[in-house]
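Enquirer: okay, here's the prediction I keep looking at, along with the sequence it came from:
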Amino acid sequence: MTQSSTRTRIHVEPLTCTIGAELHGVQLSEAAHDATLHAEIKQLLLRHKVLFLRDQDMTRAEHVAFASGLGPLEDHPVLGSDPDHPGLVRIYKDLDSKPEHYENALHCDATWRERPPMGAVLRCVETPEVGGDTIWVNMAEAYRRLPDHIRAQIAGLRARHSIEASFGAVLPTEQRHRLKARYPDPEHPVVRTHPETGEKILFVNAFTTHFVNHHTPGNVRFGQDHAPGANLLLNYLISQAAIPEYQVRWRWTANSVAIWDNRSTQHYAVQDYWPAVRKMERAGITGDRPC
């Protein structure tokens, strides 16, 4: 990136008390080539966890250029990428789209990877007049507000995350097994530490299948303590993302953009708009190994 000779003044409008801010007075196409401006946006992202901008009339190349400033882009094994812009995924929903229910679940992107994405930059190409909103959740706040005894109980717990049990579930058996062989179920901490802010984050979501180290003498007196005991605890933790006080809801317009930190949030794309058309383009940024 090069330094810009003019200084863009960003106006920051927080959207809730816990998560999300809308940025005014900035174009991401400019920030893609301005190191100082890009760094300022990155700091705002760490603070607010998801940023929103409207009227971002940028090209796909500019979209990729801005996102690449946050880190290397990654492909999606199921959705694929735009052939001319590797790392840019088209999420187009119209009358010919296959029905699926992966977006309209509270989830953290691709935790079925050993290194889940750091974040993503999502641009709205076309949206219904009403409907098709997206919700984001502050999972650092969700952890912070857990009861003390629950935080003590989950300290040190680890869990499996699976692409086979989500995207792979609709595939024929052999294809599903090949998908799992390519992406074996990784093990992540139930509470991860954000590598840049140091925050503790509740790190279970719709891709999480089970704890791997819950069945210990400290937790299990009889077999029935393990099941359903562990499942009830996992379901309780996953349900924290549904609490409105931790959420922000964004209503899309054409050329609006969301930038989110995937390490500290979950999101949910509301699928209430059929038979209207909704077209989105997302650049996902490679992340680190949760710890």
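Expert: Great, that's in hand.

Enquirer: tell me the helix or strand right after the least confident helix or strand in the chain by mean pLDDT.
Expert: None of the helices or strands of the chain scores lower by mean pLDDT, DSSP states H and E than helix 223-226, at a mean of 75. Remark: after helix 223-226, the chain's next helix or strand is helix 229-239, criterion DSSP states H and E.

Enquirer: CA atoms only for the least confident helix or strand of the chain - export them in PDB, please.
Expert: Output of helix 223-226 as PDB, limited to C-alpha atoms (Å, rounded to 0.1, in the frame of the first residue of the first chain):
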ATOM      1  CA  GLY A 223     -22.300 -42.700  32.500                       C
ATOM      2  CA  GLN A 224     -25.500 -40.700  32.400                       C
ATOM      3  CA  ASP A 225     -23.500 -37.600  33.600                       C
ATOM      4  CA  HIS A 226     -21.600 -37.600  30.400                       C
END
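
Enquirer: buried ones in that helix?
Expert: Judged by neighbour count using 16 or more other C-beta atoms under 10 Å, the buried positions of helix 223-226 are residue 226. Glycine gets a C-beta too; all of them are placed from N, C-alpha and C.

Enquirer: contacting residues around it?
Expert: Residues from elsewhere that reach helix 223-226 (C-beta atoms under 8 Å, 6 or more residues apart in numbering): 214, 215, 219, 220.

Enquirer: just stretch 275-285 next, same as before
Expert: Identification of contacts with stretch 275-285 by C-beta under 8 Å, 6+ apart yields 60, 63-64, 67-68, 70-74, 76, 82, 87-95, 109-110, 117-129, 131-132, 252, 262.

Enquirer: tell me the most packed of the contacts of helix 223-226, by neighbour count.
Expert: Neighbour counts for the contacts of helix 223-226 (other C-beta atoms under 10 Å) peak at residue 214, which has 23 neighbours.

Enquirer: for that residue, what are phi and psi?
Expert: Main-chain dihedrals, residue 214, degrees, to the nearest 10: phi -90, psi -30.

Enquirer: again, but for the one 4 residues further on
Expert: Per-residue torsions, residue 218: phi -70, psi -20 (degrees, to the nearest 10).

Enquirer: next, count neighbours for it.
Expert: Look at residue 218: counted by other C-beta under 10 Å, it has 7 neighbours.

Enquirer: now residue 198
Expert: Neighbour count of residue 198, defined by other C-beta under 10 Å: 7.

Enquirer: does it count as helix, strand or coil?
Expert: Taking DSSP: H, G, I helix; E, B strand; the rest coil as the rule, one finds residue 198 in the coil state.

Enquirer: now do the same contact list for it.
Expert: Contact analysis of residue 198 by C-beta under 8 Å, 6+ apart lists nothing.

Enquirer: also the one 10 residues further on?
Expert: The contact partners of residue 208, by C-beta under 8 Å, 6+ apart, come to 111, 159, 160, 161, 234, 238.

Enquirer: ok, now with 10 Å
Expert: Residues in contact with residue 208, defined by C-beta atoms under 10 Å, 6 or more residues apart in numbering, are 107-108, 111-112, 159-162, 165, 185, 188, 190, 234, 237-238.

Enquirer: quick one: the strands in the stretch 101-250 of the chain, in order.
Expert: Along the stretch 101-250 of the chain, counting by DSSP state E, counting those that start in this stretch, strands occupy 119-126, 134-138, 158-161, 187-189, 191-193, 200-202, 208-211, 247-250.

Enquirer: go through the ones you listed and name the closest to residue 152.
Expert: Smallest distance to residue 152 across those (C-beta to C-beta): 11.0 Å, for strand 191-193.

Enquirer: residue 213 is in contact with residue 220, isn't it?
Expert: No: using C-beta atoms under 10 Å, residue 213 is not in contact with residue 220; the gap is 11.4 Å.

Enquirer: okay if I get the contacts of helix 223-226 as TSV plus pLDDT and distance to residue 152?
Expert: Compiled in TSV, those are given as follows (pLDDT from 0 to 100; distance: C-beta to C-beta, whole Å):
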residue	pLDDT	distance to residue 152
214	94	14
215	90	18
219	88	12
220	87	17
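
Enquirer: now the contacts of stretch 275-285: which count as buried?
Expert: Neighbour-count burial (16+ other C-beta under 10 Å) applied to these gives 60, 63-64, 67-68, 70, 73-74, 76, 87-89, 91, 93, 109-110, 117-128, 132, 252, 262.

Enquirer: tell me which of these fall in helices.
Expert: Judged by DSSP state H, the subset of those located in helices is 60, 63, 64, 67, 68.
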